[in-house]
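what would the 3D arrangement of this be:
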Amino acid sequence: MCGICGIALSSQSGRRLERPVLERMRNVLRHRGPDDCGLFLDERVGLGHQRLSIVDVAGGHQPMLSEDGTQCIVYNGEVYNHPMLRAELEARGHRYRTRCDTETVLRLFSLHGSKTPHFLRGMFAFAIWDRERRELFLARDRFGVKALYYVLSPDGSLYFASEIKALLAANAVTAQLNAAVLPDYLANHAPSGTDTLFAGVRRLPAGSSLCWRDGAVHIDQYWDLRFAFDLAEGAPRPERDLVAEFGSRFREAVELRLMADVPLGVFLSGGIDSAAIAATMSGLVDAPVRTFSVAFAEREANELAYARLVAERFHTDHHEVVVSPTDFFSLLGRLVWQEDEPIAHPSSIALYFVSRLASEHVKVVLTGEGSDEMLAGYGRYRTTVYNLGLGRFYERLTPRPLRAAVRAAVAALGRHTELGRKFARTALYLPADVTSLYFDNFAVFSRAWQEEMLRPELRDRIGTAHLDPYAVQRAHLESAHSHSLLDRLLYVDAKTYLHELLMKQDQMSMAASIESRVPFLDHPLVEFAAALPDRLKLRGWTTKHVLREAMRGTLPAAILERRKMGFPVPVGRWLRGPYHWLIDEYVLGERTAARDLFEPAIVRRLVEAHQRGENHTERLWSLINLEIWQRIFLDGEDAQQVGVEAQRGVLPRTMMAQPRRLRAGTA
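This is a model prediction of the structure:
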């Protein structure tokens, strides 16, 4: 895994490319690849690279030039079908200088140009400068596992990098809040489209390529997730055959991701996804699989018993770390800087701790990201499918006056009881449409919250066109290639929510200088899963049915049958206790209020409700992180010092989280 960056100056810029600027971009990405680095400069084009050596450790230096010197590549990722591609290229007369997949990508580009991504099976972000055509070509993998951000200057110059901080280091933009995406951020954890919270900084969409030629840019989508496949090829295939094929494809996806010249491991949460990877991997390697788990001392946020159960079953070399709240919050500022944007999920911080633990033993880990979005693993899919179906039936059969009376009764009940609040999230209270029962129902700040909370001046600044927090999601919902509601919801999340999870995975693992691989997002496996009937994804109240059946007899019953926990972090409890100072400083503080983004009375009402016992953890986390992000990137505050002054004298000092090792299946 690596960090890439580059600059392409338009002839209209009238500027020369300065080596120190490119060096600043590259050096700020050192954590992504501390093993090696390199630069390439060619008149107005420069490419930079930081390398974490995984395959062909001794070779593979980048930037890498083609044999004739006309093309140069910087590359981040792994192409798992590289051995097969190499064999085909060598059969055509190509003679390799290295053993790395970077050379394969470069040689494919010399043959196929912009069609190159179609041949690649894996995760990647790369840039190739073609001296003869005077073109810069950028591409990103099908799901966006590897990040690629860019700035297109008014003069046509292009800056790109694996992380936004490298673009800031080049002064490609001045760090300013992009208010247009604030409603999207507040509703959906993070911006859902190609824009970021930094004005002028965009991300290349997953499954897309960008071609730059002297200031002109063309973006092409080379791949999309489609559901309209015919698996049966005639008569419907028996369910057991589909389950068996899914299992076979999953095993292949895991096996391909064992390609490395360095030690590998697995992040083991105790859920079915990581357990399936650990079980499959244990049957493919000779030595005990190294597994790594993280938890908190609080009982409701500790899944170590399940992780240990899997470790014991498959005799893994198991390691654990338990994170205290002091550990957790001591790194919050630094990790916001690491992520470039506000941390969407508290579990990101736990992910950093387990990545740091894993880095002491391995350079590569396999993780379970992507399974939920491919196989309907979240309870919200099940809830929405049934809620919407019953709601439309209810609206057809129930007279309007009676529905109005029921709605009023639910509203009255919801002000006083938890049951009433639950009814208020159903079609008894909400319109039976996807926006209300899915987007709004599972938003951090719904449209109703935002209408009250956003200050009028900010709403005017954002503009009516951008106040809809679900515009990106709705566009994807309409363009999904399926008539199934479940498939359409999965498509939306694959295009939006999954992107943020993958960025969390990438940024936090790379902060510890390790590579994470996601076998559930092997694109042939995903295409197969997309074509499966709904009943193999969601069976009654059972999620991920095909995966559970494929692993039946392999995984312990306690893993197959347990309810999904996600990754619980007890932030809500902490914020009601000695860590309330975070709210006082970053939600209710004078500096926060002076930004004139939110109505103080509404924010204070939110805080008071949380203190009374209502659960507003996600909302408070979102506001805290937004303010910390602004202080670091917009105000220039030292990320290491954010919160230290407010914290000093309030909290006792404790030891940092200490790892624990459980050898070869002992628990």
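
any low-confidence regions in this protein?
For the chain, applying pLDDT under 70 flags the ranges 1, 53-59, 228-235, 299-301, 415-416, 565-567, 643-667.

go again using 50 as the cut-off
Scanning the chain for pLDDT under 50 picks out the ranges 645-646, 648-660, 662-667.

residue at max distance from the center of it?
residue 401 (44.9 Å; C-alpha atoms, centre = their mean).

helix, strand, or coil at residue 219?
Counting by DSSP: H, G, I helix; E, B strand; the rest coil, the backbone at residue 219 sits in strand.

dump the residue contacts of the closest residue to residue 121 other than its chain neighbours.
Among residues not flanking residue 121 along the chain, residue 81 sits closest, at 4.1 Å (C-beta to C-beta, 6 or more residues apart in numbering). Where C-beta positions appear, they are placed from N, C-alpha and C, glycine not excepted. Contacts for residue 81 (C-beta atoms under 8 Å, 6 or more residues apart in numbering) come out as 119, 120, 121, 122, 256.

kindly recompute the last result at 10 Å.
Contacts for residue 81 (C-beta atoms under 10 Å, 6 or more residues apart in numbering) come out as 88, 101, 104, 119, 120, 121, 122, 256, 259, 524.

the strands in the stretch 101-250 of the chain, which residues?
Along the stretch 101-250 of the chain, counting by DSSP state E, counting those that start in this stretch, strands occupy 122-130, 135-140, 149-152, 158-161, 202-203, 208-213, 216-221.

just the C-alphas of the first one, formatted as PDB.
Presented in PDB, the C-alpha positions along strand 122-130 are these (Å, rounded to 0.1, in the frame of the first residue of the first chain):
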ATOM      1  CA  GLY A 122      -8.300  -5.700  -6.900                       C
ATOM      2  CA  MET A 123      -8.000  -2.300  -5.200                       C
ATOM      3  CA  PHE A 124      -6.100   0.500  -6.800                       C
ATOM      4  CA  ALA A 125      -5.600   4.200  -7.500                       C
ATOM      5  CA  PHE A 126      -2.900   5.100 -10.000                       C
ATOM      6  CA  ALA A 127      -1.700   7.900 -12.300                       C
ATOM      7  CA  ILE A 128       0.100   7.400 -15.600                       C
ATOM      8  CA  TRP A 129       1.800  10.300 -17.400                       C
ATOM      9  CA  ASP A 130       2.100   9.700 -21.200                       C
END
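
sheet partners, orientation included, of it?
As defined by DSSP bridges, the strand partners of strand 122-130 come to strand 71-79 (antiparallel), strand 135-140 (antiparallel).

the residue nearest to residue 298 when sequence neighbours are not counted: how many residues sit nearby?
What sits nearest to residue 298 in space, not counting adjacent residues and going by C-beta to C-beta, 6+ apart, is residue 570, at 4.4 Å. Residues lying near residue 570 (other C-beta atoms under 10 Å) number 19.

cool, residue 88 as well?
For residue 88, using other C-beta under 10 Å, the count is 14.

roughly how far is whatever helix or strand it lives in from the heart of the chain?
Under the criterion of DSSP states H and E, residue 88 resides in helix 82-91. On the basis of C-alpha atoms, centre = their mean, to the nearest Å, helix 82-91 is displaced by 31 Å from the centre of the chain it belongs to.

what does stretch 278-286 contact?
By C-beta under 10 Å, 6+ apart, the residues outside stretch 278-286 that reach it are 247, 250-255, 257-258, 264-268, 272, 288-291, 307, 310-311, 313-316, 318, 366, 368, 519, 550-551, 554-556, 559.

roughly how far apart are the residue farthest from the centre of the chain and residue 393?
Residue 401 is 18 Å from residue 393, where distance means C-beta to C-beta, to the nearest Å.

try residue 198
Residue 198 is 46 Å from residue 393, by C-beta to C-beta.

these two: who's more crowded?
residue 198 (26 against 12).

so what's that one up against?
149, 151, 164, 167-168, 172-178, 181, 191, 340-341, 629, 633-634.

7 Å instead, please
164, 173, 175, 178 (C-beta atoms under 7 Å, 6 or more residues apart in numbering).

dig out what it forms beta bridges with.
Applying DSSP bridges, one finds that residue 198 bridges with residue 177.

try the one 5 residues further on
Under DSSP bridges, the beta-bridge partners of residue 203 are residue 149.

before we move on, what about residue 220?
Legend: beta-bridge partners of residue 220 under DSSP bridges are residue 209.

and it, how many residues sit next to it?
12.

distance of it relative to residue 190?
25 Å.

and residue 64, by the same measure?
33 Å.

quick revisit: which of the strands of the stretch 101-250 of the chain sits most buried?
strand 158-161 (a mean of 27; mean count of other C-beta atoms under 10 Å).

could you name the helices and strands sitting against that strand?
Judged by 3 or more C-beta pairs under 7 Å, 6 or more residues apart in numbering; DSSP states H and E, strand 158-161 is in contact with strand 2-8, strand 149-152.
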